[in-house]
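Visitor: turn this into a model:
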Amino acid sequence: MASTIRTDRSFGTLLHALRQHAGLSQEDLANAAGVSVRTLSYLEQGRSRGPQRRTVQALAAALGLDAAGARGLEEAASAGRPRRVRAAKDAAEATAAPETIAAAPEATLTMSAPDLLPRAPRAFHGRASELAALTRASAGEAPVCLVVGPAGVGKTALVLHWAHHDPAGLADGRLYADLRGFSDTVEPAAVEVLRDFLLALGVPPERIPQSQNAAAAMFRALAADRQLLVVLDNARDSEQVRQLLPGGDRCVTVVTSRNKLPGLIVTDNARPVPIDTLTPQDATALLARVLGAERVNAEPAAALHLAELCDGLPLALRVVAARLAGRPDWTLAAMAGELSDETRRLGLLDLEDTGVRAALHLSLRQLPEEVRGLFAALGRHPGSHLDRYAAAALAGTDPATTEGALERLTVAHLLTETAPGRWTMHDLVRLYARGLDAHPDTLKRVLDHYITTATGAVAAAEPGSEDCFPLPPDYQQPATVREFADRAAAVAWYATERDNLTQAVAAAHAARLHDRTWRIVMTMWPLMVWRLRDGWTPLLETALAAARADADQHGEARVLNVLGWVLTEEGRTPEALVHLEAATALAAEAGDAFAEANALIVLAMAQATLGHLDQAATSCERAVQLARGDGDRRIERLATQHLARHQADAGHWHQALTTATHALDFAYRPGSTDIPHLLLLAIKGEALLGLGNHTEGTAQLDLAARQAQAAGYDDGAVRALGALLRAAPGAEVRARYDTALARLTTRA
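Guide: Numbers count the residues shown, from 1 in each chain. This next block holds a predicted model:
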């Protein structure tokens, strides 16, 4: 349309009038012109100076202006752009060397809004929350935003996309410098970066100071009354950035780095914008942007698998997409199959001089030698998370020394602190670390750390229990061992480290460290007691194979005993009997009274399950005799408890009451979790009920149930509440029973 609007007014007023005349909302015009609503709003309010020519052209086209109208809009914009920069001349004269001032021409500087930004990234997708966080962080006076994250996560792409699409009110120019803090090429000197900035701002080459401090002062002076966006990409540390920060209170500086740069947070109130790997949905969308939606949508499951194998890392995803783009006949599933081989994955994620290994190498080489050594050792950790004790064991040092190195790796985004004092690696970082050289004893060190720590946890959780085994002949004592103040601390440690212990067993088994394999499993027996229905059989079968390969009859007997018990509880009694009879025979042959008594107790459980209650009682009586002969009061009480159980199950109420009462007279530690004591209370309650003493019997069962619930011993609570429910059915008891049963059957 032809413009009938007068053009002798400010750009913002003119733009508003033209938009109103065209019947467009701010959102309509912003979308049509390819600018943000925020930018458009600032322009109309006069908060931004005259925009760049290409922005004006886009607005004129979106408004449907004819040539005359477009010229009028450009003239209004041009009038708002700064043309004479007296401040630049003053700053140059104030900071340049004397000979430079003498030679400086008297002409004033002219400039238009500079734009040094590289092009916007192609195939950018997602990151809505991170873009919003960057917009929030850029608000306020002279903000410094830190976009930080691991190598290959897409920090630069995010910032460039944001810089091209979002910033408003920064009409005086966009400056950019790659500081190459993580590059094979030499980092640019600060004075070189400042020279590029000053040239872009219109300072003639001959007037740019030679010294870094003078050039920085000139840059700050020139930026003081401007609205600039300054992007400092790939910064190594805070010191590299400080001299490049603009002056004034209307500029926005965005710094990207693989390091967290806490120094800038302290000295310049920098606002962190952490960037992590992509969600599965955004990762598959990125693949679709490169490969085409049709190809990706044809194999949604394979696309998700690729995203998982690439760890959600944009760099890895782009390498995979590039490989697939060059092989149109390959399926995504075929590529996922190739990447599933951990020994080849990092190689497949390298393309020419670009890839995950190259990026991680550049991050790692910035760190001191001792930190790099710890990183290589961490690659041998069998689990997914570790604490400073495990890290110290891997490195062969102490936790205090290791903690500083862990912090350096965290700052470099090679580790992630998931909770206070617990760290993890992304999968691709872990694969890279495993490919580095480490001390040959690294795995043994961490396995022995878990053996030592778990042995201490057993002692704290089950005071008075016998050690399960002697230590391996080549055992390596950790420099520092975690101590447990009480049972609660031990239980908490077990809950936290359960997955690591299981993965340590797998790592020891794969490395054929048989003496470590079965020992780690045996240190987990308190967990097996507390979480009986958690499917322990495969782990115990691995331990049994390891004990046999280790030719350790003592260990074999102990493992057979625990395995037989678990199989009995799983209803696999015939299999259990085979293992338990073998355990009894091995222990008797070795003259190990403790192991034989233990095996007889579990054998009795299996016999009782088959209905052979008299045989079960006989086995327990033999166990009592062995324990008394060995002077082991703990095993004697345990055998007596099981004897009372079998007597009660047989309906021999008087015998059961006498045996249970006798066993309850054994030493008991109030305030501790004594599982035999809880079970004996329940047996006594059942015996009293069997003898017709309803009041005292229900009271004993209620006491047993409440103590078991308080201790978190769900198996014992279910047993006691089940008996109580049969004797005294009621809504309150039923609710307690259902709650305990639900906890027992749904816990992890």
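Visitor: could you tell me the end-to-end distance of stretch 648-658?
Guide: From its first residue to its last, stretch 648-658 covers 11 Å (Cα to Cα, to the nearest Å).
Visitor: give me the mean pLDDT for that stretch.
Guide: In this model, stretch 648-658 has an average pLDDT of 93.
Visitor: repeat for stretch 144-163
Guide: Stretch 144-163 comes out at a mean pLDDT of 91.
Visitor: quick one: that stretch to chain centroid distance?
Guide: Distance, stretch centre to chain centre, for stretch 144-163: 20 Å (Cα atoms, centre = their mean, to the nearest Å).
Visitor: distance between the ends of it?
Guide: End-to-end span of stretch 144-163 (Cα to Cα): 14 Å.
Visitor: for the remainder of this discussion, apply numbering that starts at 30.
Guide: Renumbered: residue one is now 30, and that last one reads stretch 173-192.
Visitor: any idea of the pLDDT on the closest residue in space to Leu730 that isn't next to it in sequence?
Guide: Excluding its sequence neighbours, the residue lying closest to Leu730 (Cβ to Cβ, 6 or more residues apart in numbering) is Gly714, at 3.7 Å. Placement of C-beta: from N, CA and C, glycine included. For Gly714, the pLDDT comes out at 92.
Visitor: with Ala746 instead?
Guide: The model's pLDDT for Ala746 equals 89.
Visitor: torsion angles phi and psi at it?
Guide: phi -60, psi -40 (degrees, to the nearest 10).
Visitor: surely Leu589 touches Glu625?
Guide: No: taking contacts as Cβ atoms under 8 Å, Leu589 lies outside contact range of Glu625: 11.7 Å.
Visitor: who's more crowded, those two?
Guide: Leu589 (29 against 26; other Cβ atoms under 10 Å).
Visitor: so how far is Asp581 from the residue nearest to that one when sequence neighbours are not counted?
Guide: Distances taken as Cβ to Cβ, 6+ apart place Ala612 nearest to Leu589, at 3.7 Å, with adjacent residues excluded. Here Ala612 is placed at a distance of 13 Å from Asp581 (Cβ to Cβ, to the nearest Å).
Visitor: so between these two, which is more surrounded?
Guide: Ala612 (27 against 20).
Visitor: name the helix or strand for that one, please.
Guide: helix 602-619 (DSSP states H and E).
Visitor: mind giving me the packing neighbours of that helix?
Guide: Judged by 3 or more Cβ pairs under 8 Å, 6 or more residues apart in numbering; DSSP states H and E, the packing partners of helix 602-619 are helix 582-598, helix 622-638.
Visitor: pLDDT score for Thr33?
Guide: So Thr33 comes in at 40 (pLDDT).
Visitor: equivalent analysis for Gly355, please.
Guide: 86.
Visitor: I figured the residue nearest to Leu730 hits Leu750, correct?
Guide: No: contact criterion Cβ under 8 Å: Gly714 and Leu750 do not qualify, at 11.1 Å.
Visitor: what do the two both touch?
Guide: Leu730 (Cβ atoms under 8 Å, 6 or more residues apart in numbering).
Visitor: what about this protein, any weak spots by pLDDT?
Guide: 30-38, 76-79, 109-141, 197-198, 381-382, 493-497, 696-702, 775-777 (pLDDT under 70).
Visitor: residues contacting the nearest residue in space to Gly292 that is not next to it in sequence?
Guide: Using Cβ to Cβ, 6+ apart and skipping residues adjacent in sequence, the residue nearest Gly292 is Ser267, 3.3 Å away. The contact partners of Ser267, by Cβ under 8 Å, 6+ apart, come to Leu290, Pro291, Gly292, Leu293, Thr296.
Visitor: so which of those sit within helices?
Guide: Taking DSSP state H as the definition of helices, the contacts of Ser267 contribute Pro291, Gly292, Leu293, Thr296.
Visitor: of those, which is the nearest to Tyr418?
Guide: Distance to Tyr418 across these (Cβ to Cβ) is lowest for Pro291, with 25.2 Å.
Visitor: that closest one: what's it in contact with?
Guide: Contacts of Pro291 (Cβ under 8 Å, 6+ apart): Ser267, Val440.
Visitor: hmm, who's touching the one helix or strand Met364 maps to?
Guide: Under the criterion of DSSP H and E, Met364 resides in helix 361-368. For helix 361-368, contacts defined as Cβ under 8 Å, 6+ apart pick out 316, 324-325, 328, 330-332, 334-335, 338-339, 349, 352-353, 373-374, 377-378.
Visitor: now these: which count as buried?
Guide: 316, 324-325, 328, 331-332, 334-335, 338-339, 349, 352-353, 374, 377-378 (16 or more other Cβ atoms under 10 Å).
Visitor: related to what we said a few turns ago, only the buried subset of the contacts of Ser267, as a PyMOL command please.
Guide: In PyMOL, this line selects whichever of the contacts of Ser267 come out buried by 16+ other Cβ under 10 Å:
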select buried, resi 290+293
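Visitor: which non-adjacent residue is nearest Asp379?
Guide: Excluding its sequence neighbours, the residue lying closest to Asp379 (Cβ to Cβ, 6+ apart) is Arg386, at 5.5 Å.
Visitor: now for the biggest helix by length in the chain, which elements pack on it?
Guide: Ranked by residue count, the top helix of the chain under DSSP H comes out as helix 516-539. Helices and strands touching helix 516-539, by 3+ Cβ pairs under 8 Å, 6+ apart, are strand 414-415, helix 471-490, helix 543-551, helix 554-559, helix 566-578.
Visitor: what angle separates it from helix 566-578?
Guide: Interaxial angle, helix 516-539 versus helix 566-578 (axes from the mean of the first three to the mean of the last three Cα atoms, to 10 degrees): 60 degrees.
Visitor: off-centre distance for helix 516-539?
Guide: 18 Å.
Visitor: what residues does that helix touch?
Guide: Contacts of helix 516-539 (Cβ under 8 Å, 6+ apart): 411-415, 419, 451, 472, 475-476, 479, 482-483, 485-487, 489-490, 492, 511, 513, 543, 545-546, 549-550, 552-553, 555-556, 559, 568, 571-572, 575, 701-702, 741.
Visitor: filter those down to the buried ones.
Guide: Buried among those (16+ other Cβ under 10 Å): 411-412, 414-415, 419, 472, 475-476, 479, 482-483, 485-487, 489-490, 511, 513, 543, 545-546, 549-550, 552-553, 555-556, 559, 568, 571-572, 575, 702.
Visitor: do I have it right that Val302 meets Val177?
Guide: Yes: using Cβ under 8 Å, Val302 is in contact with Val177, at 7.3 Å.
Visitor: more neighbours: these two, which one.
Guide: Looking at Val302 and Val177 with other Cβ under 10 Å, you find the greater number of neighbours at Val302, namely 26 against 22.
Visitor: now do the phi/psi pair for Val177.
Guide: Torsion angles, degrees, to the nearest 10, at Val177: phi -120, psi 150.
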